[in-house]
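*Asks:* Next one to model:
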Amino acid sequence: MKTTMAGALNAALRDAMEADPTVLVLGEDVGPLGGVFRVTDGLTAQFGEQRCFDTPLAESGIMGLAIGMAMNGMRPVVEMQFDAFAYPAFEQVVSHLAKMGNRTRGRVRLPVVVRVPYGGGIGGVEHHCDSSEAYYAHTPGLTVVAPATNEDAYGLLRQAIESPDPVVFLEPKRQYFTKEEVDVDADVPPIGRAVVRREGSDVTLIAYGPAVPVALAAAEQGACEGRSIGVVDLRSIVPFDDATVTAAVRATGRAVVVAESSGFASVASEVVARVTEQCFHHLAAPVRRVTGFDIPYPPPALERHHLPSVNRILDTVDELQWEDA
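*Replies:* Next comes the predicted model:
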């Protein structure tokens, strides 16, 4: 079927709730309204207010409620309405959600999915656009997933809900209403497995979430300019698929990491470090990054300058050392 990413996520929630009566959805405006981005549209009508319900505007309370539910046998799916709205819940995530399994030596597992609409590209005002993945990736005990395609959005969300441990599910807002073919019965690779979206022989672009379509567009433009550019979609940040990434980089000898978040102390920094450590003797040039700038997320009028673009990516590719230059 052809559907939007929001539609694919909605289908994943609906199918998970039909398959497992312990799955429930909670958050701000997820009930009759269907969520700001309509990802939960129709779930309350189908499953009732006991299984898809609105909460007070208190993210810390939402997360605490979900943790308590998970401790008592439920599988809550929490929606944080926007990425920067989630920060009041961060103490609950770090202190309890991520640590409970370790603290109890595995006796208490918390199968909670935290859905976070994240990233830019929608012209959102302050607190409505941010790139917060590094906070979650830096917290041991969390799985961190960032789909880039509608089919992955469906498949990875189903996998996340089935996980016995907490998953932070980062949904690229700019792709919510992009339509693609989605096969709900497709054999989607598991969480923790990266995918090569485009083969290339000159340089490898490594991206995740909303940066993947930009990387693919850069690869397409690069082909018109005589460069063979491959693209690896990480799909999940934690766990990280070293094998797929390093194999792609070793084949080209050059790599550029593309991400929307600021570059300092970032997921992109970690990817650069891992690739450099594992591919050092295969590299023809230093691994580079194209990221957002090290500033608070800018207002809408400046967003296009902040986010990685095709031109910025190709400029960085051109700055790599080329034997035939």
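*Asks:* Can you list phi and psi of residue 2 for me?
*Replies:* phi -100, psi 120 (degrees, to the nearest 10).
*Asks:* measure it to residue 150 for me?
*Replies:* For residue 2, the distance to residue 150 equals 9 Å [Cβ to Cβ, to the nearest Å]. In this view, the C-beta of every residue, glycine as well, is placed from N, C-alpha and C.
*Asks:* Of those two, which one has the most company?
*Replies:* A count of neighbours by other Cβ atoms under 10 Å puts residue 150 above the other of residue 2 and residue 150, at 25 against 9.
*Asks:* Show the pLDDT at that one.
*Replies:* pLDDT, residue 150: 97.
*Asks:* thinking it is in contact with residue 176, fair?
*Replies:* No - with contacts counted by Cβ atoms under 8 Å, residue 150 stays clear of residue 176, the gap being 9.7 Å.
*Asks:* shared neighbours, the two?
*Replies:* Common neighbours of residue 150 and residue 176, using Cβ atoms under 8 Å, 6 or more residues apart in numbering, are 4-5.
*Asks:* Need the CA coordinates for stretch 161-173. PDB is fine.
*Replies:* The C-alpha atoms that make up stretch 161-173 are tabulated as PDB, following Å, rounded to 0.1, in the frame of the first residue of the first chain:
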ATOM      1  CA  ILE A 161       6.800  -2.500  20.800                       C
ATOM      2  CA  GLU A 162       7.700  -6.100  21.100                       C
ATOM      3  CA  SER A 163      11.000  -5.400  22.800                       C
ATOM      4  CA  PRO A 164      11.200  -6.300  26.500                       C
ATOM      5  CA  ASP A 165      13.300  -3.200  27.200                       C
ATOM      6  CA  PRO A 166      12.800   0.600  26.600                       C
ATOM      7  CA  VAL A 167      13.100   2.000  23.100                       C
ATOM      8  CA  VAL A 168      13.400   5.700  22.200                       C
ATOM      9  CA  PHE A 169      11.800   5.900  18.700                       C
ATOM     10  CA  LEU A 170      12.800   9.100  16.900                       C
ATOM     11  CA  GLU A 171      10.400  10.000  14.100                       C
ATOM     12  CA  PRO A 172      11.600  12.600  11.500                       C
ATOM     13  CA  LYS A 173       8.800  15.200  11.400                       C
END
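*Asks:* In a strand, residue 217, correct?
*Replies:* No - secondary structure of residue 217 (DSSP: H, G, I helix; E, B strand; the rest coil): helix, not part of a strand.
*Asks:* tell me the contacts of the closest residue to it other than its chain neighbours?
*Replies:* Excluding its sequence neighbours, the residue lying closest to residue 217 (Cβ to Cβ, 6 or more residues apart in numbering) is residue 310, at 5.1 Å. Applying Cβ under 8 Å, 6+ apart, one finds that residue 310 lies in contact with 214, 217-218, 221.
*Asks:* now the residues you listed: which count as buried?
*Replies:* The neighbour-count criterion (16 or more other Cβ atoms under 10 Å) marks 214, 218 among those as buried.
*Asks:* can you count the residues close to residue 210?
*Replies:* Neighbours of residue 210 under the rule other Cβ under 10 Å: 26.
*Asks:* Can you tell me how far the nearest residue to it once chain neighbours are set aside is from residue 160?
*Replies:* Leaving aside its chain neighbours, residue 210 sits nearest to residue 172 (3.6 Å; criterion: Cβ to Cβ, 6+ apart). Per Cβ to Cβ, residue 172 is found 15 Å from residue 160.
*Asks:* what does residue 167 give?
*Replies:* Residue 167 is 4 Å from residue 160, where distance means Cβ to Cβ.
*Asks:* shared neighbours, these two?
*Replies:* Between them, residue 167 and residue 160 share the contacting residues 113, 143, 145, 191, judged by Cβ under 8 Å, 6+ apart.
*Asks:* from the chain's centre, how far out does the helix or strand hosting residue 116 sit?
*Replies:* Per DSSP states H and E: residue 116 is located in strand 113-118. Chain-centre distance of strand 113-118: 8 Å, with Cα atoms, centre = their mean, to the nearest Å.
*Asks:* Direction included, what does that strand pair up with?
*Replies:* Next to strand 113-118 in the sheet, as set by DSSP bridges, lie strand 75-79 (parallel), strand 167-172 (parallel).
*Asks:* Compare those and report which one is nearest to residue 239.
*Replies:* Nearest to residue 239 among the strands paired with strand 113-118 is strand 167-172 (11.2 Å), distances taken as Cβ to Cβ.
*Asks:* residues in contact with that closest one?
*Replies:* With contacts defined as Cβ under 8 Å, 6+ apart, strand 167-172 is touched by 5, 9, 39, 83, 93, 112-119, 121, 133, 136, 142-148, 153, 156-157, 160, 191, 209-210.
*Asks:* Next: stretch 139-146.
*Replies:* The contact list for stretch 139-146 (Cβ under 8 Å, 6+ apart) reads 93-94, 97-99, 101-102, 133, 136-137, 156, 160, 163, 165-170, 172, 191, 208-209, 234-239.
*Asks:* From the residues you listed, keep the buried residues only.
*Replies:* 93-94, 97-99, 101, 133, 136-137, 156, 160, 163, 165-170, 172, 191, 208-209, 234-238.
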